[in-house]
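Trainee: sequence plus the predicted model coming up.
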Amino acid sequence: MVPGEGILADATPQLANAIAAQLAARGIPFNEHAIYSTPALLAESRDVIADWSRHGWHGVDMETAATFAVAKHFGARRAAALLRVDDLVSEEHSIADGLHGDHRRFMRDREREVMHAVIEAAAETP
């Protein structure tokens, strides 16, 4: 067994709640769902992606679980506020096609707003 294998790479509840409160206060819509972390995000087949969706994973990324696992090991607070760019199940707004015009501007602005919400939440949470 690999050290740490099978240990949930979860967020610190107080920090996650503070981030959710900051997003809500700013009127930024958000969802709190489990995400799937994988080392090969674009290598999976359509069937694998559909299977993740069927099993309740609402997002896929490459870094969150590893970052959370290291933080948890060292007793550090951890939470994530991820922006959805692609919908791999319905193939909406594929990053492979790039973001154009208003959508690109919206994503940049939203990214900045979320970053400030996270910073404020981290500053106010012990």
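Mentor: Now that the structure is in, tell me what you want to look at.
Trainee: quick one: L83 and D10, what's the gap?
Mentor: 20 Å (Cβ to Cβ, to the nearest Å). C-beta here means a position set from N, CA and C on the backbone, and glycine is covered the same way.
Trainee: who's more crowded, the two?
Mentor: D10 (14 against 10; other Cβ atoms under 10 Å).
Trainee: find the nearest non-adjacent residue to the more buried one, please.
Mentor: Closest residue to D10 apart from its sequence neighbours, by Cβ to Cβ, 6 or more residues apart in numbering: F68 at 6.6 Å.
Trainee: surely that neighbour is within a strand?
Mentor: No: F68 is assigned helix when assessed by DSSP: H, G, I helix; E, B strand; the rest coil, not a strand.
Trainee: any idea how far L8 is from it?
Mentor: Distance from F68 to L8, by Cβ to Cβ: 9 Å.
Trainee: counting neighbours, go ahead and name the busier of those two.
Mentor: Remark: of F68 and L8, F68 carries more neighbours, 21 against 10, as counted by other Cβ under 10 Å.
Trainee: so for the more buried one, what's the pLDDT?
Mentor: On pLDDT, F68 comes in at 90.
Trainee: that one: what's it in contact with?
Mentor: By Cβ atoms under 8 Å, 6 or more residues apart in numbering, the contact list for F68 reads 9-11, 78, 80.
Trainee: same deal with N31?
Mentor: Counting by Cβ under 8 Å, 6+ apart, N31 has contacts H58.
Trainee: next, it: phi, psi?
Mentor: The phi and psi values for N31, taken as degrees, to the nearest 10, are phi -130, psi 150.
Trainee: that one and M107, how far apart?
Mentor: 17 Å.
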